[in-house]
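>>> Sequence and predicted structure are below.
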Amino acid sequence: GALPGLAARWEMSEPHLSLLSGEPANVLTVLDEFKVPRQRDEGTGDVAHPALVHVLAPDGTIAYAFNNPSVPWLIEAVDRVS
């Protein structure tokens, strides 16, 4: 699938970074929970969505939600919740 290639391209080798994958109904449920706007191509199953990044607090709640954030913003957000 495409996700391993994306993970490699985005250098997501850290164990605490992940991409969402799974049965379409389950993925859509998670996207609903995170209030992610999206469009699904019924022919391919691909889901198009904004470049959202969620930084979770240690308790699993969303501490920060970014749309196409810069690396410095992400570093600061992770530092704040660590």
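Thanks, I have the structure now.

>>> Spatially nearest residue to V78, not counting backbone neighbours?
Sequence neighbours aside, V55 is the residue nearest to V78 in space, at 5.9 Å (criterion: C-beta to C-beta, 6 or more residues apart in numbering). The C-beta positions use only the backbone N, C-alpha and C, and glycine is treated the same way.

>>> who's the one you found bridged to?
As for beta bridges, V55 partners with Y64 under DSSP bridges.

>>> what's the burial count for it?
19 (other C-beta atoms under 10 Å).

>>> before we move on, what about V53?
Neighbours of V53 (other C-beta under 10 Å): 15.

>>> ok, it - contacts?
With contact set as C-beta atoms under 8 Å, 6 or more residues apart in numbering, V53 has these partners: A65, F66, P69, L74.

>>> Break down this structure into its helices, ranges please.
Applying DSSP state H to the chain gives helices spanning 2-9, 24-33, 71-81.

>>> Give me the helix or strand of this protein that scores worst on average pLDDT.
Taking mean pLDDT, DSSP states H and E as the measure, the helices and strands of the chain show their lowest mean at helix 2-9, namely a mean of 72.

>>> So which residue is dead centre in this protein?
Nearest to the geometric centre of the chain sits V53, at 5.2 Å (C-alpha atoms, centre = their mean).

>>> Between the contacts of V53, identify the one with the most neighbours.
Tallying neighbours with other C-beta under 10 Å puts P69 at the head of those, with 17 neighbours.

>>> Return the residues in contact with that residue.
V53, A77.

>>> No further queries at this time; thank you.
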